[in-house]
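[1] Whatever this is, show me its structure:
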Amino acid sequence: MDEQMSCFDKEIDRTNSHSDKWTKYPQEVIPLWVADMDFESPECIKNALNERVDEGVFGYTHASKSLENNIVEHAQRRYNWAISRTHIVHLPGLVCALHLAVRNFSNEGDAIVVPGPVYYHLNKAPLLANRTLSRVDMEIKEGRWVPDMQALETACAQPNSKMILLCNPHNPGGTVYTKAELEAIHQLAKRHDLLVVSDEIHCDLILDDVPHVPFASINEDAANRTITLMAPSKTFNVAGLGYAFAVISNPPLRNAFNEAKTGLVPYPNLLGLTAANAAYEAGQEWHASLLTYLKENRDIIARWLPSTPLKMVHLEATYLAWIDVSALQLDSVHQFFLEAGIGISDGKDFGNPNYIRLNFGCPKSRLEDAIKRINDALKKHNYL
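    Numbers count the residues shown, from 1 in each chain. Presented below is the predicted three-dimensional model:
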């Protein structure tokens with residue numbers, strides 16, 4: 001375990017790797033914005049990719065039975081969710097599936113219900129398709145970000161509502177929905193006959209001792225009206241390899257989804273398929289070490305914030321801290337942190353300009369440097 005942990009402390013120079021994360025800002029800025037960790041992927045993935053590259057032929061390919069069996073076993077082992085290989089739809093990414101589902105299973109003028117603040121593509125998908133974005137504000141209740149259920153019921157009851165876009169675990173709030181919370185949302189979806197598209201890409205990044213419950217797993221009706229979206233990309237830091245998958249157990253829904261993506265959504269990259277298979281087959285030990293390290297980083301932030309005007313609700317999942325900066329009363333939140341030498345995600349992109357999202361999926365030394373820079377900026381402007 002110590003050897004595993006030391007790999008997360010390693011500082012890797014990514015400035016010459018065409019990294020989106022590391023080329024957005026000047027070199028002196030610590031980039032803690034996009035959901036991309038600064039850790040090496042596990043050895044099992046690197047070895048599998050090296051072996052595949054050594055074959056030297058990169059023609060058309062398809063997902064192996066091994067990958068599909070590993071996904072099925074992973075779902076059973078981690079979520080107690082019984083799915084079939086036939087339920088899996090392979091994708092080059094999760095975002096395209098969000099947009100595809102909105103465009104194929106609703107019409108212009110229909111309303112798409114989205115609890116937020118939330119990852120911005122859940123808001124963009126309805127708007128870019130000329131649908132009505134029916135945003136439901138989330139609220140802090142008993143120390144967790146959850147939807148305002150009365151507002152959610154009102155939104156779902158509108159006659160033009162056709163779909164709920166759900167993010168579980170929630171990005172950026174870090175909430176892991178309980179089964180009871182999901183059952184309450186399901187009752188609304190069933191009552192008003194709404195499709196549910198559940199973005200569960202952070203499902204393997206649970207930091208507390210709570211289970212991830214896939215929305216589709218709660219009962220048969222939920223399974224029949226849900227498109228579940230998952231990927232190894234956030235967990236194993238392989239987003240650049242382009243692989244995700246949908247789980248759709250309802251055959252007519254799955255067939256319609258597959259038909260809609262034909263000719264528009266390409267098949268996943270063969271190296272993405274290779275990495276995913278290795279991750280689900282042999283990445284468990286590395287994954288466990290990652291979660292331990294991320295918990296420690298989360299707790300570093302949680303211990304630091306009370307000494308500042310900044311606040312954060314306890315984060316149950318993800319490596320993305322959702323921090324309330326409203327006490328600073330800034331004209332430009334993004335500019336304040338940039339001048340401090342930190343590149344953050346501005347909360348306005350998720351739907352709340354009083355917040356920032358800070359990525360702590362990095363070596364502790366880098367996180368501690370970022371905290372020092374923020375403290376220095378707070379002192380400079382007389383906030384401390």
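[2] Which stretches in the stretch 51-200 of the chain count as strands?
    Ranges of strands in the stretch 51-200 of the chain, per DSSP state E, counting those that start in this stretch, are 88-91, 111-116, 132-141, 144-147, 161-167, 195-199.
[3] got TSV for the ones you listed, with distance to residue 39 too?
    Backbone N, C-alpha and C define where each C-beta goes, glycine included. Formatted as TSV, the strands of the stretch 51-200 of the chain follow (distance: least, C-beta to C-beta, whole Å):
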stretch	distance to residue 39
strand 88-91	24
strand 111-116	29
strand 132-141	29
strand 144-147	26
strand 161-167	23
strand 195-199	23
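[4] I'd like those strands laid out as CSV, including mean neighbour count and mean pLDDT.
    Compiled in CSV, the strands of the stretch 51-200 of the chain are given as follows (neighbours: other C-beta atoms under 10 Å; pLDDT from 0 to 100):
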stretch, mean neighbour count, mean pLDDT
strand 88-91, 21, 98
strand 111-116, 26, 98
strand 132-141, 17, 97
strand 144-147, 22, 98
strand 161-167, 25, 98
strand 195-199, 24, 98
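[5] Residue 260: which of those strands is closest?
    strand 88-91 (10.7 Å; C-beta to C-beta).
[6] Direction included, what does the closest one pair up with?
    Paired strands of strand 88-91, with direction, are strand 244-247 (antiparallel) (DSSP bridges).
[7] got the contact list for the partner strand?
    For strand 244-247, contacts defined as C-beta atoms under 8 Å, 6 or more residues apart in numbering pick out 71, 75, 83, 87-94, 97, 201, 214, 216, 227-231, 233, 257, 268.
[8] Okay, now the unreliable bits of this structure?
    Scanning the chain for pLDDT under 70 picks out 1-5.
[9] Got the domain ranges for it?
    Domain ranges of the chain: 2-43+284-380, 57-282, per automatic domain parsing.
[10] so what's residue 302 closest to, chain neighbours aside?
    Once flanking residues are discounted, residue 302 sits nearest to residue 312: 6.8 Å by C-beta to C-beta, 6 or more residues apart in numbering.
[11] That neighbour is in contact with residue 306, isn't it?
    No - counting by C-beta atoms under 8 Å, residue 312 sits too far from residue 306 to count as a contact (9.6 Å).
[12] out of the two, which sits in the more crowded spot?
    The neighbour count for residue 312 versus residue 306, taken as other C-beta atoms under 10 Å, is higher for residue 312 (18 against 9).
[13] residues in contact with that one?
    Contact partners of residue 312, counting by C-beta under 8 Å, 6+ apart, are 301, 302, 305, 321, 322, 323, 324.
[14] give me the number of residues near residue 34?
    Using other C-beta under 10 Å, residue 34 has 16 other residues around it.
[15] so what's the backbone phi/psi at it?
    phi -60, psi 150 (degrees, to the nearest 10).
[16] Where does the closest residue to it other than its chain neighbours sit: helix, strand or coil?
    Nearest non-adjacent residue to residue 34, counting by C-beta to C-beta, 6+ apart: residue 21, 5.1 Å away. Assigned state for residue 21: helix (three-state reduction, DSSP: H, G, I helix; E, B strand; the rest coil).
[17] list the contacts for residue 21?
    The contact partners of residue 21, by C-beta under 8 Å, 6+ apart, come to 14, 31, 33, 34, 36, 38.
[18] Touching, the fifth one and residue 23? I think so.
    The one in question is residue 36. No - counting by C-beta under 8 Å, residue 23 is not a contact partner of residue 36; they are 11.8 Å apart.
[19] top helix in the protein by residue count?
    helix 284-304 (DSSP state H).
[20] Paired strands for the helix or strand that that helix is followed by, with orientation please.
    Proceeding N to C from helix 284-304, the next assigned helix or strand is strand 311-312, under DSSP states H and E. In the sheet, strand 311-312 lines up against strand 320-324 (antiparallel) (DSSP bridges).
[21] C-terminal to the partner strand, what's the next element?
    Counting by DSSP H and E, the next helix or strand C-terminal to strand 320-324 is helix 333-339.
[22] other SSEs contacting the next helix or strand after that following helix?
    Next along the chain after helix 333-339, taking DSSP H and E as the criterion, comes strand 342-343. Packing partners of strand 342-343 (3 or more C-beta pairs under 8 Å, 6 or more residues apart in numbering; DSSP states H and E): strand 30-31, helix 364-380.
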